[in-house]
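Asks: sharing a sequence plus its predicted fold:
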Amino acid sequence: MASEHIVKSYDEELERLKKIIVEMGGMAESQIASAIEAVVKRDTDLAALVIEGDTKVDHLERDLDNLAVRLLALRQPMARDLREVVAALKIASDLERICDYAANVAKRSIALSQAPLIQPAHSLPRMAALALQLVKDVIDA
C-alpha cells in the first residue's frame, strides 16, 4: 500500500526508484535467457547483444544510485521510506551483478562457438531455466 506524502514530487521519486528496479529486473531476466540461448545455439551475434546490454544496466544502476542519494540527502526519509531506498540500492546492485554474470556467460559462449562442436551439457539449459525462474520470483516479490 503506497503512502501519500505532502510533497507529490517525493512520491514520484520513490515511484521512479521502483520503476528502475522493475526495468533492471526485466533486463536481468532477458540477459540470462539470451546468454544461455547464445551458448546453446552458438549464436555470437546474440552473445554480442547481451554484452552490449550490460552497459545499459550499468547506466540504470548509476541513475538509481544518484536518485537514492538525492532522496536521502534532500528528503531525509524515515521508517518505511528509508527501508525502501536502502533496499532499492541493494537490489539494484544485485541485479547489476546478475547482468554482469550474464555478460560473462555470453563472452564465454563466443569463445566456445569458435571451438569444435561438442555435445552440450544437457543440464545447462535446465539449470539456466531454474536460475531464471528464481530471478523472476524475486522480482515478482
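Replies: The structure has been received and is ready for your questions.
Asks: please count neighbours and contacts with C-alpha atoms only from this point.
Replies: OK.
Asks: the helix or strand of the chain with the lowest mean pLDDT packs against which elements?
Replies: Sorting the helices and strands of the chain by mean pLDDT, DSSP states H and E puts helix 123-140 at the bottom, at a mean of 86. The elements that helix 123-140 packs onto, with contact taken as 3 or more CA pairs under 8 Å, 6 or more residues apart in numbering; DSSP states H and E, are helix 8-41.
Asks: ok, residue 81 - contacts?
Replies: Taking CA atoms under 8 Å, 6 or more residues apart in numbering, we find residue 81 in contact with residue 14.
Asks: run a quick neighbour tally on the spatially closest residue to residue 21 that is not a sequence neighbour.
Replies: Nearest-residue entry for residue 21: residue 92, 6.3 Å, with adjacent residues in sequence omitted and distances by CA to CA, 6 or more residues apart in numbering. Neighbours of residue 92 under the rule other CA atoms under 10 Å: 24.
Asks: OK, contacts around residue 92?
Replies: With CA under 8 Å, 6+ apart, residue 92 has these contacts: 21, 24, 61, 64.
Asks: burial of the first one, as a residue count?
Replies: Counted by other CA under 10 Å, the residues lying close to residue 21 total 21.
Asks: separation between it and residue 50?
Replies: 19 Å (CA to CA, to the nearest Å).
Asks: repeat that for the third one.
Replies: Distance of residue 61 to residue 50, given as CA to CA: 17 Å.
Asks: I figured residue 60 hits residue 22, correct?
Replies: No. If you go by CA atoms under 8 Å, residue 60 and residue 22 don't touch, sitting 10.8 Å apart.
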